[in-house]
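A.B. asks: Here is my input; please provide its structure:
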Amino acid sequence: MAVQSRELTVTYKIDPPPSVVAPLSLSQETTRRFPIISLSDLKSKDSTDSELKTYYASLRTSIAEARTKLGEELTAWRDAVGNAELGREKSVKAEADDEEEEENAEE
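C.D. replies: Residues are numbered from 1 along each chain as shown. Coordinates of the predicted model:
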């Protein structure tokens, strides 16, 4: 029977506007894996409470690492995209406002 490793996996895909020239250091599609100590790896003479504390400490560490790494990468993308998304966001909001006005007029 194979031992299954535990990990936190995060995948994202960025779809920047065509006008954005991203640096080569940024990948549009990325999967990151952050290891978590498995409870089966913790089998020891310690009590179950101690094993659970170690497991959850490992989980918190992996979540913190994921948050930091993704924050760095997504901030780099935000900086690369810059103001190119501003027009796109305004047009989506304007369309939503138009739809709301139409619904209110029908009532």
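A.B. asks: Could you list the buried residues of the longest helix along the chain?
C.D. replies: Scanning the chain for the longest helix, with DSSP state H as the assignment, gives helix 48-81. For helix 48-81, the neighbour count (16 or more other CB atoms under 10 Å) marks 51, 54, 55, 58, 62, 66, 73, 77, 80, 81 as buried. Bear in mind the C-beta positions are built from the backbone N, C-alpha and C, glycine included.
A.B. asks: same check, this time on stretch 22-36
C.D. replies: In stretch 22-36, residues buried by neighbour count (16+ other CB under 10 Å) are 26, 34, 36.
A.B. asks: Kindly reformat these as CSV containing secondary structure.
C.D. replies: CSV is the format used below for these (DSSP: H, G, I helix; E, B strand; the rest coil):
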residue, secondary structure
26, coil
34, strand
36, strand
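A.B. asks: Tell me which helix or strand in this protein has the weakest average pLDDT.
C.D. replies: helix 86-106 (a mean of 61; mean pLDDT, DSSP states H and E).
A.B. asks: quick one: residue 25 is in a helix?
C.D. replies: No. Assignment of residue 25 by three-state DSSP gives coil, placing it outside any helix.
A.B. asks: Please report the distance of the residue nearest to it when sequence neighbours are not counted from residue 18.
C.D. replies: Nearest residue to residue 25, sequence neighbours excluded (CB to CB, 6 or more residues apart in numbering): residue 76, at 7.6 Å. For residue 76, the distance to residue 18 equals 19 Å [CB to CB, to the nearest Å].
A.B. asks: again, but for residue 61
C.D. replies: Taking CB to CB, one finds residue 61 at 39 Å from residue 18.
A.B. asks: Then residue 34?
C.D. replies: Residue 34 is 32 Å from residue 18, by CB to CB.
A.B. asks: Then residue 24?
C.D. replies: Distance, residue 24 to residue 18, by CB to CB: 18 Å.
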